[in-house]
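K.L.:
Sequence first, predicted model second:
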Amino acid sequence: MNLAEKELALVRLGQYLTENSPELAAVKERAFRANGWFIPSFIDQALENISRYFLDPKALREWIDTYPKLQHPVTPKKVGIVAAGNIPLVGFQDWLCGFVSGHQINMKLSSKDDILLRHIIEKMTEWYPEVAGQTEIMETLKGCDAYIATGSNNSARYFHYYFAKYPHIIRHNRTSAAILTGEETPEELSALADDIMLYFGLGCRNVTKVYVPANYDFQPLLTALEKYNYLLDHHKYKNNYDYNLALLLLNNAHYISNGLILLQEATSLFSPLSVLNYSYYADMAHLQQELSGDQSLQCLVGKSFTPFGYAQQPSLLDYPDGVDTMHFLLEL
């Protein structure tokens, strides 16, 4: 397929992902049964975001135009992609870059998310049989010319060991934070609640910590978060909440809660599931400088940063860890 044909194929895919055909509905149901964290509303949100921000015709055209080298076919290399599985279709952008770049893609899907992306690739192959020659799903990745791998800090150590002699992008644990001023509107706090709770907070772009000024009133934020009270009906989430509440009580630790989420003062950017860390700040400029060099931070949300509600709505140019995946592929 040439570049123009791929572009049209991806636009068609974007339309398919929002049509909710009986076939796609069955796939989503299978994905939920295979991984209880992938509840239907969160799968729908992931599909909508991909369709709107990755596969929109205008967005695709502007993204492709960013890379003049795409107009000249590459010498195909074999690129191995190890996908994560923490949120639905988290590996889609890597596949998309590989597909558009023209390289041969060998994908190892996460056992937590091996249904949705598999279906997308199978659907593309059904429409365009030549896709089969460019993308292959494999259980093990060997003999590739380059690798893109995403996983935990522990997995990343293994990736560095095994892939060190090849061109590679290796991603480890990251998370996101928000800086609040205390002057946020109810609408902004409602949008921040999405940044915190979407996908149960399991994504690297989910906010797991907020920085607040002295004497900050948490009640408006707690009220905004209550729209996610339905997650308490999810036994896995409720078990995490109960467990973390018990730990706080046993340790006689101070916490704030609305019955859905636990807020605790902590220095770490990372918080357990069902917990939101917070810290106080005195000087905004000093805090920004401090956070600017933190390699654990994926996204910073706030009035002067990523807008509230957009943490989990990255554009095509919002690459994980700030590393331009397409540029990497085009330089192979």
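P.N.:
Looks like it came in fine.
K.L.:
Give the buried residues for stretch 311-322.
P.N.:
Residues of stretch 311-322 classed as buried: 311-314, 316, 319-320 (neighbour count, 16 or more other CB atoms under 10 Å). C-beta: built from backbone N, CA, C; applies to glycine.
K.L.:
quick one: which of these is nearest to His234?
P.N.:
Of all the buried residues of stretch 311-322, Gln312 has the smallest distance to His234: 18.1 Å, by CB to CB.
K.L.:
on that earlier part again, how about the buried residues of stretch 311-322, which pair is most distant?
P.N.:
Farthest pair in those, by CB to CB: Ala311 and Leu316, 16.1 Å.
K.L.:
Now render the buried residues of stretch 311-322 as CSV, adding pLDDT, distance to Ala177 and secondary structure.
P.N.:
Below are these laid out as CSV (pLDDT from 0 to 100; distance: CB to CB, whole Å; DSSP: H, G, I helix; E, B strand; the rest coil):
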residue, pLDDT, distance to Ala177, secondary structure
Ala311, 98, 10, coil
Gln312, 98, 14, coil
Gln313, 97, 17, coil
Pro314, 97, 16, coil
Leu316, 98, 23, coil
Tyr319, 98, 19, coil
Pro320, 96, 16, helix
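K.L.:
As CSV, those with distance to Gly259 would be great.
P.N.:
Putting the buried residues of stretch 311-322 into CSV (distance: CB to CB, whole Å) gives the following:
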residue, distance to Gly259
Ala311, 24
Gln312, 24
Gln313, 28
Pro314, 31
Leu316, 38
Tyr319, 37
Pro320, 33
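K.L.:
and which of those residues is nearest Leu96?
P.N.:
Leu316 (8.0 Å).
K.L.:
you'd agree Arg205 is up against Gln312?
P.N.:
Yes - here Arg205 lies in contact with Gln312, judged by CB atoms under 8 Å, at a distance of 5.3 Å.
K.L.:
shared neighbours of these two, which are they?
P.N.:
Asp195 (CB atoms under 8 Å, 6 or more residues apart in numbering).
K.L.:
hmm, back to that, from the buried residues of stretch 311-322, pick the one nearest Ser152.
P.N.:
Using CB to CB, those come closest to Ser152 at Pro320, 14.1 Å.
K.L.:
Please give me every residue in contact with the residue nearest to the closest one when sequence neighbours are not counted.
P.N.:
Using CB to CB, 6 or more residues apart in numbering and skipping residues adjacent in sequence, the residue nearest Pro320 is Arg171, 5.5 Å away. By CB under 8 Å, 6+ apart, Arg171 lies in contact with 84, 149-151, 156, 320-321, 323.
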